[in-house]
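**Q** show me how the following folds:
(chains A, B, C and D)
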Number of protein chains: 2
Amino acid sequence: MRAQKKSAPNNERLAEIYRAAAQIILRKGYDATSVNDIANALGMTKAGLYHYINGKKELLFDIMNFGLSELDEEVAEPARAIADPAARLRFAVAAHARLVTRGQGAITILVDEITALTPPQQRKITQRKRAYFDFLRGTLDELKAAGQLQDVDTTAATFGLLGMINWLSRWFRHGGALSEEQAADQLVRIAFHGILRPARLKAVDSSQ
Amino acid sequence: MRAQKKSAPNNERLAEIYRAAAQIILRKGYDATSVNDIANALGMTKAGLYHYINGKKELLFDIMNFGLSELDEEVAEPARAIADPAARLRFAVAAHARLVTRGQGAITILVDEITALTPPQQRKITQRKRAYFDFLRGTLDELKAAGQLQDVDTTAATFGLLGMINWLSRWFRHGGALSEEQAADQLVRIAFHGILRPARLKAVDSSQ
DNA sequence: TTATAACTACCGACCGTCCGGTCGGTACCA
DNA sequence: TGGTACCGACCGGACGGTCGGTAGTTATAA
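**A** All right, here's what the predicted structure looks like:
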């Protein structure tokens, strides 16, 4: 009935292919990356690569799902085990940030290339992203209920958090001024306490 | 000696072309947008469009420069006239955020598609972005010198700020829960004071 | 007032190139 | 003997870009 993988190819090799493809797509962008580019990087030909993949879009889709699974396993699931919402959020932001900086990451790709997918694929990816977003916002909602949150909209705050974290991939460089841990720590500080020292001399918020 | 525009085309029409092209590229991405797409959106043919532009890359380059000029004129220059660094930063963050949400924007494009340019073009754009970045970080440095800043790295904080602002283009929708002004205000709040209320009951940071 | 030259704003048809994808094979290993 | 891992050659189509036009408008000048 429907097209399927003709055989059961080596799974380790497949993971290598995902990793290599993710790196190239991350650097050049999905559209600017040809299947040939990926094949060459793996030391094979395009026809040879097609032994493993079912199409360029499906490859991208698989990589994105791989990235989302990483996010679930290394950030969301461990975080869910933390009862205190502030500590949970602190862990999630730091772990997510480290995942971005550590990559070579498939996670970063799914930030940029959603439009390249078919609509059904987009829906699936968007749904998984949404679940992660809801997890973060839920934690903020808990904090709000406990009176620990500033007077901010939790949706906007969650997007702000994600913006800072995802932006890391644009500026963080290994061997730069900040280590991965330092970068993650900086993000947590800024997200939690902002950049300004609490000023009590000037009524800058709350009223009006 | 070198290729030049064969004539002096109507400047208003050229601006229309930039605006239309920016919108499409913003929606579909540079590589996925064909010159034909842009021409059709303008009700003309590809050959007709080439009367105005010198190539696809140069069109992108021009749009990016247009966006950077907008940023200079509407954010950086007015901000520079503000003496107080906190007020200056507040204005810059809010104005920049509004520029992102108001667009239809050429500003957003230059966030994503730098790699599509030729290396010399990339250098010019990166240089202009760098100037803006330095302006923001300089303001943070002033705040630090005045003892008004949290204990954060000004470079990381500037990138954090830009991450939140640029991320707006991914989630902000007109007619959504937040107006442009509300979104800008939320970003300022989060950037300045963070998401957590200053806790004095629990030593959550500083040590360890 | 009108002939005409010059210029702007386009278009239809076309070109070379590269891309995603296919197909029929082959070498190798179990 | 059959499955896995690949490859060379090829295909149709889309893309960026070019070229030789043409319709319309303005400038000039007799």
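**Q** which other helices and strands does the stretch of helix or strand A:Arg130 belongs to contact?
**A** A:Arg130 is part of helix A:119-145, with elements assigned from DSSP states H and E. In terms of contacts (3 or more C-beta pairs under 8 Å, 6 or more residues apart in numbering or on different chains; DSSP states H and E), helix A:119-145 is packed against helix A:56-71, helix A:77-80, helix A:85-102, helix A:154-171. No exception for glycine: its C-beta is placed from N, CA and C like everyone else's.
**Q** the inter-axis angle of the last one versus helix B:154-171?
**A** Taking axes from the mean of the first three to the mean of the last three C-alpha atoms, to 10 degrees, one finds helix A:154-171 and helix B:154-171 inclined to each other by 120 degrees.
**Q** buried sites along the host helix or strand of A:Arg189?
**A** For A:Arg189, the host element (DSSP H and E) is helix A:180-193. Under the neighbour-count criterion of 16 or more other C-beta atoms under 10 Å in any protein chain shown, helix A:180-193 has A:Glu180, A:Ala183, A:Ala184, A:Asp185, A:Gln186, A:Leu187, A:Val188, A:Arg189, A:Ile190, A:Ala191, A:Phe192, A:His193 buried.
**Q** gap between that helix and the chain center?
**A** 17 Å (C-alpha atoms, centre = their mean, to the nearest Å).
**Q** thinking again about what came up before, any idea of the mean pLDDT for the helix holding A:Arg130?
**A** Mean pLDDT, computed over helix A:119-145, is 96.
**Q** ditto for stretch A:43-52
**A** When pLDDT is averaged along stretch A:43-52, the result is 95.
**Q** run the chain-centre distance for that stretch.
**A** Mean C-alpha position of stretch A:43-52 versus that of the full chain (C-alpha atoms, centre = their mean) differs by 28 Å.
**Q** buried ones in the lowest-mean-pLDDT helix or strand in chain A?
**A** Taking mean pLDDT, DSSP states H and E as the measure, the helix or strand of chain A with the lowest value is helix A:106-112, at a mean of 76. For helix A:106-112, burial by neighbour count (16+ other C-beta under 10 Å) applies to A:Ala106, A:Ile107, A:Thr108, A:Ile109, A:Leu110, A:Val111, A:Asp112.
**Q** do the same with stretch A:26-39
**A** By neighbour count on 16+ other C-beta under 10 Å, the buried set for stretch A:26-39 is A:Leu26, A:Gly29, A:Tyr30, A:Asp31, A:Ala32, A:Thr33, A:Val35, A:Asp37, A:Ile38, A:Ala39.
**Q** quick one: contacts for A:Asp72?
**A** Neighbouring residues of A:Asp72 by C-beta atoms under 8 Å, 6 or more residues apart in numbering or on different chains: A:Tyr132.
**Q** repeat the analysis, applying 10 Å as the threshold.
**A** Listed by C-beta atoms under 10 Å, 6 or more residues apart in numbering or on different chains, the contact partners of A:Asp72 are A:Pro78, A:Arg80, A:Arg128, A:Ala131, A:Tyr132, A:Phe135.
**Q** farthest-apart pair in those, please.
**A** For these, with distances taken as C-beta to C-beta, the pair at the greatest spread is A:Pro78 and A:Arg128 (17.5 Å).
**Q** how about the residues of chain A by DNA strand C?
**A** Applying C-beta under 7 Å from any atom of the strand, we find that chain A lies next to DNA strand C at A:Thr33, A:Ser34, A:Val35, A:Asn36, A:Lys46, A:Ala47, A:Tyr50, A:Gly55, A:Lys56, A:Lys57.
**Q** what's the spacing between the second one and B:Val93?
**A** When distance is defined by C-beta to C-beta, to the nearest Å, A:Ser34 is 40 Å away from B:Val93.
**Q** cool, the first one as well?
**A** Using C-beta to C-beta, one obtains 35 Å as the distance from A:Thr33 to B:Val93.
**Q** A:Arg88 too?
**A** Distance from A:Arg88 to B:Val93, by C-beta to C-beta: 28 Å.
**Q** out of those two, which sits in the more crowded spot?
**A** More crowded of A:Arg88 and B:Val93, by other C-beta atoms under 10 Å in any protein chain shown: B:Val93, with 25 against 21.
**Q** and that one, what does it touch?
**A** Contacts of B:Val93 (C-beta under 10 Å, 6+ apart): B:75, B:79, B:136, B:161-162, B:164-165, B:184-185, B:187-192.
**Q** one more time with 7 Å, if that's ok
**A** Shown in contact with B:Val93 (C-beta atoms under 7 Å, 6 or more residues apart in numbering or on different chains): B:Leu161, B:Ile165, B:Leu187, B:Val188, B:Ala191.
**Q** could you report the pLDDT at the third one?
**A** Confidence at B:Leu187, expressed as pLDDT, is 97.
**Q** wait, it touches A:Leu161, no?
**A** No: if you go by C-beta atoms under 7 Å, B:Leu187 and A:Leu161 don't touch, sitting 11.7 Å apart.
**Q** for chain A, which residue occupies the most central location?
**A** In chain A, the centroid-proximal residue (C-alpha atoms, centre = their mean) is A:Ile107; its distance is 3.9 Å.
**Q** for it, which non-adjacent residue is spatially closest?
**A** Nearest residue to A:Ile107, sequence neighbours excluded (C-beta to C-beta, 6 or more residues apart in numbering or on different chains): A:Gly67, at 4.2 Å.
**Q** ok, A:Phe135 next?
**A** A:Ala76 (5.5 Å).
**Q** burial count for that neighbour?
**A** Residues near A:Ala76, counting by other C-beta under 10 Å, number 17.
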